[in-house]
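In: pasting a predicted model and its sequence here:
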Amino acid sequence: MDFKYGNPTPEIVFDAKNLSGKPIEKIERKIMDLNMIFKDKGASETMDQNQIVYEVDCYFPVENDTEGGLFFGITRIKPGKVGDEYFMTKGHFHSNRDRGEFYWGLEGEGQLLLMDEKRRARTEVIKKGSVHYIPGYIAHRVVNTGDTELSFGACWPSDAGHDYASIEEKGFSIRIVQKNGEQHIIKE
Ligand SMILES: O=P(O)(O)OC[C@H]1O[C@](O)(CO)[C@@H](O)[C@@H]1O
Ligand SMILES: [Fe+2]
């Protein structure tokens, strides 16, 4: 297997929030990129479209789609809401459906939403020290239910791919909203 950044592994370090080092790629997701995922479209359209909802620091040591390789990332979701719905990641199935993934909580608190292809869903609390195995065939999304930044690590196969389209079309079957200051799970 070709190692994109040569040998030995370049120096990469992570802390509770960041992944740093020369080969790290940074992704930003703003309100304008996420309008389709929130329930209250009217609320998201009136917000600052340049507001950052979450950022991902990624380490891709091999080319995308490499069989047997792994990718590594740290995601930081800002605290905030669109209407009464908490800020969250886009969420996706893997394009290669049988590929799994690990997430682990680093800072802050939220919910990991997991949904199978029959739209059966459940949640796991994600917080500092939590470890989450996401099996293949399971869509995954993280919701920041706290009032501080939520950060989590991820490790996934380099040939997993992201199927965002299925989620953009049909969404998850559950959403996490705030009602009277408390988090509630609502069914679609
Ligand atoms: O890809 P999404 O749904 O925007 O969520 C971000 C997180 O998921 C990943 O895509 C990994 O599956 C990472 O980029 C990051 O950990
Ligand atoms: Fe994933």
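Out: Yep, it's here. Ligands and ions are numbered 1, 2, ... in the order given.

In: who touches Ile24 in this structure?
Out: Shown in contact with Ile24 (Cβ atoms under 8 Å, 6 or more residues apart in numbering): Ile12, Asp57, Cys58, Tyr59. All C-beta spots, glycine's among them, are computed from the backbone N, C-alpha and C.

In: all helices for this protein, in order.
Out: In the chain, the helices defined using DSSP state H lie at 31-34, 41-46, 165-170.

In: would TSV of the contacts of Ile24 with neighbour count be doable?
Out: What follows is those, written out as TSV (neighbours: other Cβ atoms under 10 Å):
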residue	neighbour count
Ile12	16
Asp57	22
Cys58	16
Tyr59	22
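
In: near ligand 1, which of those residues show up?
Out: Among those, the residues lying close to ligand 1 (Cβ under 6 Å from any ligand atom) are Cys58.

In: mind putting the contacts of Ile24 into CSV with distance to Phe71?
Out: Below are those laid out as CSV (distance: Cβ to Cβ, whole Å):
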residue, distance to Phe71
Ile12, 12
Asp57, 11
Cys58, 7
Tyr59, 7
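
In: where does this protein dip in pLDDT?
Out: 1 (pLDDT under 70).

In: quickly note the distance from the spatially most central residue of it to ligand 1.
Out: Residue closest to the average C-alpha location in the chain (Cα atoms, centre = their mean): Thr89, at 4.5 Å. Thr89 sits 4 Å away from ligand 1, going by Cβ to the nearest ligand atom, to the nearest Å.

In: and that residue, what is it in contact with?
Out: So Thr89 contacts Arg29, Tyr54, Thr75, Ile77, Arg141, Val142, Val143 (Cβ under 8 Å, 6+ apart).

In: just Tyr59 next, same as before
Out: Contact analysis of Tyr59 by Cβ under 8 Å, 6+ apart lists Ile12, Leu19, Gly21, Pro23, Ile24, Glu25, Phe71, Phe72, Gly73.

In: the residues you listed: which two are farthest apart?
Out: Gly21 and Phe71 (14.3 Å; Cβ to Cβ).

In: what about these two, which has more around it?
Out: Shown here are Gly21 and Phe71; by other Cβ atoms under 10 Å, Phe71 has more neighbours (19 against 14).

In: right, and that one touches Gly161 too?
Out: No: contact criterion Cβ atoms under 8 Å: Phe71 and Gly161 do not qualify, at 10.8 Å.

In: still on that earlier bit, out of the contacts of Thr89, which are close to ligand 1?
Out: The subset of these within reach of ligand 1, by Cβ under 6 Å from any ligand atom, is Thr75.

In: let's have the contacts of Thr89 in a markdown table, adding neighbour count.
Out: A markdown table is the format used below for those (neighbours: other Cβ under 10 Å):
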| residue | neighbour count |
| --- | --- |
| Arg29 | 18 |
| Tyr54 | 24 |
| Thr75 | 22 |
| Ile77 | 27 |
| Arg141 | 23 |
| Val142 | 25 |
| Val143 | 26 |
